[in-house]
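> Please work out how this folds:
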Amino acid sequence: MAAVVLVHGLYRCPEHFAAVAERLRMAGTEVAVPELHRGSLLADTAAVQVVIDALPEPPIVLGHSYGGSVITGIRGARHLVYLAAFVLDVGESAAGLGGASRQLQEAISSESDGSTSLLPDRAAATLYDDCPEPMAAWAVDLLRAQAPGCGRGVPERQSWKRTPSTYVICARDRAIDPGLQRKMASRCIDVREWQTGHSPFVGLPSLIVELLQELLTTNTSREPGEGVAVTR
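Numbering: from 1, shown residues only. Prediction:
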C-alpha cells in the first residue's frame, strides 16, 4: 500500500493535518502523522524516522514549516515535499536563515519555563488568515507551547540531495517570507507556487491531497534545480 507521512511544524500537532489524512485514507493511502515536540530537532527527526522505518515501503514525506528541517534529516523516503518549509544545507538552521517573519515574531509569547506559545489573535492573523473563521479558530485552539531551541537545530544529513523533492511556495504566507521560500525551493527538483497563506492543510486540504496523489503515481527523475514553477 502507498504510504504518506505528514510532519507538522512548530506549535502545531498531528490534528492540524486531520482533513488531509482523512481524505488520503479514504482513497486507500496509508497515512502516518507523527507527534513532534520532543525537545530538539534531532529528537523530532528521530521520532519521524521510527515511523518511516516501520512502514513496508518508502513513503512520500511532507514537512510543513519547521517540519522541513525535520524531514531534511531523515532517510528512506521515496519523495520529499516541503510545504512552506525549511530546506536546510550543511550547517544551516531555520533560525539562521531568518525563519520567522516579523509578524510571526510579534505573535510569540515567552513563558516562565523558557518555552514559547502563540498569542491566539495574532496566530489567527498570521497562520490562518485565508481560512474561514471557524476553521481558523479550531486550528488556533490546537496550538501548543514549544520548547526552546528547535528552530536553531541543524540536521545531521541533507536528504534532499539524494531524494527527489518538491517545494510548495505559499505566495501569500505571512509567517515565512515567500522570497525566502523561493530561494530554498531552488534546492528541490520540482517547484509549485500556490496563492495561499501559511496553512493550506486547514483551509484548502484538497490542494495537498491532489499533489500527494499526483506524486504517488509519478516517478521523479530530474536533478535539483531543474524544476518548473507551477502556479495554482
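
> so who does the most centrally placed residue in the chain touch?
The residue lying closest to the centre of the chain (C-alpha atoms, centre = their mean) is residue 64, at 0.8 Å. Residue 64 is in contact with 6-9, 12, 83-85, 199, 201, counting by C-beta atoms under 8 Å, 6 or more residues apart in numbering. Where you see a C-beta, it was placed from the backbone N, CA and C, and this is true even at glycine.

> Same question for residue 111.
Counted by C-beta under 8 Å, 6+ apart, residue 111 has contacts 117, 145.

> Which pLDDT does the model give it?
Note for residue 111: predicted pLDDT of 87.

> Name the residues that touch the helix ranked longest in the chain?
Using DSSP state H to define each element, the chain has its longest helix at helix 41-54. With contacts defined as C-beta under 8 Å, 6+ apart, helix 41-54 is touched by 5, 7, 32, 34-38, 58-59, 61, 69-71, 73-77, 93, 150, 153-156.

> Over to stretch 137-148?
10-13, 15-16, 37, 39-40, 111, 114-118, 120, 123-124, 127-128, 131, 199, 202.

> Please flag which of those residues sit within strands.
Those of the contacts of stretch 137-148 mapping onto strands are 116-118, per DSSP state E.

> Would you mind putting these into CSV with pLDDT, distance to residue 191 and neighbour count alongside?
What follows is the ones in strands among the contacts of stretch 137-148, written out as CSV (pLDDT from 0 to 100; distance: C-beta to C-beta, whole Å; neighbours: other C-beta atoms under 10 Å):
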residue, pLDDT, distance to residue 191, neighbour count
116, 95, 31, 17
117, 96, 33, 16
118, 97, 29, 21
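
> In JSON lines, list those along with distance to residue 104.
JSON lines is the format used below for the ones in strands among the contacts of stretch 137-148 (distance: C-beta to C-beta, whole Å):
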{"residue": "116", "distance to residue 104": "11"}
{"residue": "117", "distance to residue 104": "13"}
{"residue": "118", "distance to residue 104": "8"}
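
> What is the nearest of these to residue 28?
residue 118 (35.4 Å; C-beta to C-beta).

> and that closest one, what is it in contact with?
Contact analysis of residue 118 by C-beta under 8 Å, 6+ apart lists 11, 107-109, 127, 140, 143.

> what about 7 Å?
11, 107-108, 143 (C-beta atoms under 7 Å, 6 or more residues apart in numbering).

> Spell out the residue ranges of the strands in the chain.
Using DSSP E, the strands of the chain run over 3-7, 30-32, 60-64, 79-83, 108-110, 116-118, 165-170, 190-194, 230-231.

> so which of the ones you listed gets nearest residue 102?
strand 108-110 (11.0 Å).

> Same question for that closest one: list its buried residues.
Across strand 108-110, burial judged by 16 or more other C-beta atoms under 10 Å covers residue 108.

> Tell me the most packed of the contacts of residue 64, by neighbour count.
When neighbours are counted by other C-beta atoms under 10 Å, residue 7 leads the contacts of residue 64 with 31 neighbours.
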